[in-house]
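Participant: please find the sequence and the predicted model below.
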Amino acid sequence: MIKGSCCSGSVKFELASPPSMMGICHCSRCRNAGASALAFVDKNSFTLLEGREFIQRYVRYSDINGHFHLINLSKG
């Protein structure tokens, strides 16, 4: 079991199995945000423990699948 969270601790999750692949995004948005690490996981292995309200789907006009990102990362 792998446990993890976002940097602020607002979003917490568990993985029942290790990621199948990990990488780094080099797009300008990720570089500017300073958070470009990503991991591919089996959705059946992923359990969101808390923080659903901080996750938002973002779809660009040219992107069919969309991406998920965190909103309001500052924890009071």
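Facilitator: Cool, the structure landed. Everything numeric here is computed off the predicted structure, so don't read it as measured data.
Participant: now the strands for this structure?
Facilitator: In the chain, the strands defined using DSSP state E lie at 2-5, 12-15, 21-24, 37-40, 46-50, 55-58, 67-70.
Participant: quick one, which of the ones you listed gets closest to residue 31.
Facilitator: Of all the strands of the chain, strand 21-24 sits nearest to residue 31, with 9.7 Å by Cβ to Cβ. Glycine gets a C-beta too; all of them are placed from N, C-alpha and C.
Participant: what's the weakest-modelled helix or strand in this protein?
Facilitator: Lowest on mean pLDDT, DSSP states H and E among the helices and strands of the chain sits strand 67-70, with a mean of 62.
Participant: any idea how far residue 51 is from residue 11?
Facilitator: Counting by Cβ to Cβ, to the nearest Å, the gap from residue 11 to residue 51 is 3 Å.
Participant: residues near the residue nearest to residue 41 when sequence neighbours are not counted, how many?
Facilitator: The shortest distance from residue 41 to any non-neighbouring residue, by Cβ to Cβ, 6 or more residues apart in numbering, is to residue 19 (5.0 Å). Neighbour count of residue 19, defined by other Cβ atoms under 10 Å: 15.
Participant: what of the one 5 residues further on?
Facilitator: Other residues within reach of residue 24 by the criterion other Cβ under 10 Å amount to 9.
Participant: from here on, call the first residue 291.
Facilitator: Yep, numbering from 291; the last one is residue 314 now.
Participant: tell me which residues touch it, please.
Facilitator: Neighbour list for residue 314: 326, 327, 328 [criterion: Cβ atoms under 8 Å, 6 or more residues apart in numbering].
Participant: name only those of these that count as buried.
Facilitator: In these, burial by neighbour count holds for no member, counting by 16 or more other Cβ atoms under 10 Å.
Participant: out of those, who's nearest residue 296?
Facilitator: Once Cβ to Cβ is applied, the member of the contacts of residue 314 that ends up nearest residue 296 is residue 327, at 11.6 Å.
Participant: shaky segments in the protein?
Facilitator: Low-confidence segments of the chain, defined by pLDDT under 70: 325, 348-366.
Participant: now do 90
Facilitator: Residue ranges of the chain with pLDDT under 90: 295-300, 312-330, 343-366.
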